[in-house]
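Q: Here is my input, please return the structure:
(chains A, B, C and D)
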Protein chains: 2
Amino acid sequence: MSTPPTEVFRRYLSAMVLNSLATAEAAGLNATDYYTLNLLDLSGPLTSGELAVRTGLTTGATTRLIDRLEKAGHVRRVPDPADRRKVIVEATGQLAGLDEVLAGTRRRIGELLGSYSDDELATLFDYFRRAATAYTEATDELIGARQG
Amino acid sequence: MSTPPTEVFRRYLSAMVLNSLATAEAAGLNATDYYTLNLLDLSGPLTSGELAVRTGLTTGATTRLIDRLEKAGHVRRVPDPADRRKVIVEATGQLAGLDEVLAGTRRRIGELLGSYSDDELATLFDYFRRAATAYTEATDELIGARQG
DNA sequence: TCTAATATCTGCAAGGAAGCAGATAATTCC
DNA sequence: GGAATTATCTGCTTCCTTGCAGATATTAGA
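A: Down below sits the predicted model:
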């Protein structure tokens, strides 16, 4: 009596969610800040206004959000040379400062991936690539109700 | 010039984190509440005290946490027949009420998984199963500093 | 049985994130 | 060049979560 597929996937999802939230917590980030860092990681630099739209916050709250992230060294404000009213927000590194916190997780997942053959890895990374797109589309749809 | 593996994986992770946080937000759950529901999903019913330890909250804050989740219909309090001081907290369903919110994500991932052969699916689900263990261990390690 | 320990809950206060409205600076359009 | 628009920021207030300390109920131990 093996575990059914949907159950396996559900456990995988829950385990990842717990891990990501525990990681954020350990790094001293609240949900909004963690969300924003992942957003910048995925989308690249965004203006303050774009961040406001993508996070669903007001521009005022977004200014405070950027303040927090900048103070913690996670992002930096860069003036937009083309429009000096705008502020471009870019991450200072790959989720700067999370490295120590992520180490244990990275090591375990790295070892796990190392146990697969090249063919299997090709399958897994094909999934990772396509799932990233699927998740991003699903997220946009989820947030879409808010933006239009 | 294809994308390097670590970059693919990083994008996958970020996309999942954004999706999970957007899901929680859409369901009206804050990070703590969402964490707790996933914890109950993964661990099964826990007492109030156990929840306090696993979330890192005080027992007082944990009472309020359970109040919120119970009011929203996500969990129910069950008296422990063996020790009537204790309160066992169990989820009312699989992340009750999140179904509509998760629909778009589930459909996309379902379609994606449907595009793989049986052999490939075996590889993917082997990964899901083992990665769940790896993430859980990494989470415990991350939280361990707090508990011991 | 009486006392100590344990589990949960409640009252109160503190801290932080967010909204709102108005201020400031820069750009666009006529 | 001047008015209207746009982008970000600031002051103030509100709401929500959490901690802390003490209350209550139950169990365990001498």
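Q: Quick check: which element contains the residue nearest to the spatial centre of chain A?
A: Geometric centre of chain A, nearest residue: A:Asn38, 2.4 Å, by Cα atoms, centre = their mean. Using DSSP states H and E, A:Asn38 maps to helix A:31-43.
Q: does DNA strand D sit close to that helix?
A: No: judged by Cβ under 7 Å from any atom of the strand, helix A:31-43 stays clear of DNA strand D, getting no closer than 10.2 Å. Where you see a C-beta, it was placed from the backbone N, CA and C, and this is true even at glycine.
Q: From the contact counts, what lies against that helix?
A: helix A:5-26, helix A:48-55, helix A:59-71, strand A:87-91, helix B:5-26 (3 or more Cβ pairs under 8 Å, 6 or more residues apart in numbering or on different chains; DSSP states H and E).
Q: relative to helix A:31-43, how tilted is the shortest one?
A: Pointing back at strand A:87-91 there. If you take axes from the mean of the first three to the mean of the last three Cα atoms, to 10 degrees, strand A:87-91 sits at 90 degrees to helix A:31-43.
Q: I'd like to know if strand A:87-91 reaches DNA strand D anywhere along the stretch.
A: Yes: contact between strand A:87-91 and DNA strand D, assessed by Cβ under 7 Å from any atom of the strand, occurs at A:Val87.
Q: Partner strands of that strand, with direction?
A: Partners of strand A:87-91 in the sheet, by DSSP bridges, are strand A:46-47 (antiparallel), strand A:75-79 (antiparallel).
Q: Show me what counts as buried in it.
A: Within strand A:87-91, the residues scored as buried using 16 or more other Cβ atoms under 10 Å in any protein chain shown are A:Val87, A:Ile88, A:Val89, A:Ala91.
Q: try the third one
A: Within helix A:59-71, the residues that qualify as buried are A:Thr62, A:Leu65, A:Ile66, A:Leu69, counting by 16+ other Cβ under 10 Å.
Q: Check the residues you listed one by one and keep those near DNA strand C.
A: Intersecting the buried residues of helix A:59-71 with the contacts of DNA strand C gives A:Leu65 (criterion: Cβ under 7 Å from any atom of the strand).
Q: Which one of the buried residues of helix A:59-71 is nearest to B:Thr23?
A: Proximity of the buried residues of helix A:59-71 to B:Thr23 (Cβ to Cβ) peaks at A:Leu65, which lies at 20.2 Å.
Q: Next, the contact list for that closest one, please.
A: A:Thr32, A:Asp33, A:Thr36, A:Leu51, A:Thr55, A:Leu57 (Cβ atoms under 8 Å, 6 or more residues apart in numbering or on different chains).
Q: Point me to the residue of chain A nearest DNA strand C.
A: A:Gly60 (2.9 Å; Cβ to the nearest atom of the strand).
Q: Need the pLDDT of A:Asp118.
A: Listed pLDDT for A:Asp118 reads 97.
Q: And it, how close does it get to chain B?
A: 12 Å (Cβ to the nearest Cβ, to the nearest Å).
Q: mind checking how far that residue is from DNA strand D?
A: Distance, A:Asp118 to DNA strand D, using Cβ to the nearest atom of the strand, to the nearest Å: 44 Å.
Q: Now distance to B:Arg130 and pLDDT too, for the buried residues of strand A:87-91, in TSV please.
A: Below are the buried residues of strand A:87-91 laid out as TSV (distance: Cβ to Cβ, whole Å; pLDDT from 0 to 100):
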residue	distance to B:Arg130	pLDDT
A:Val87	44	98
A:Ile88	41	98
A:Val89	37	98
A:Ala91	31	95
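Q: Pick the one among the residues you listed closest to A:Glu137.
A: Taking Cβ to Cβ as the measure, A:Glu137 lies nearest A:Ala91 of the buried residues of strand A:87-91, at 22.7 Å.
Q: Tell me what that closest one is bridged to.
A: Per DSSP bridges, the residues bridged to A:Ala91 are A:Val75.
Q: so which of the helices and strands packed on helix A:31-43 comes closest to B:Thr105?
A: Comparison of these against B:Thr105 by Cβ to Cβ identifies helix B:5-26 as nearest, at 6.1 Å.
Q: Show me which residues of chain A are close to DNA strand D?
A: Residues of chain A lying near DNA strand D by Cβ under 7 Å from any atom of the strand: A:47-50, A:52, A:59-60, A:62-64, A:66-67, A:77, A:83, A:85-87.
Q: do that again at 6 Å, thanks
A: Residues of chain A lying close to DNA strand D by Cβ under 6 Å from any atom of the strand are A:Thr47, A:Ser48, A:Gly49, A:Thr59, A:Gly60, A:Thr63, A:Ile66, A:Arg77, A:Arg85, A:Lys86, A:Val87.
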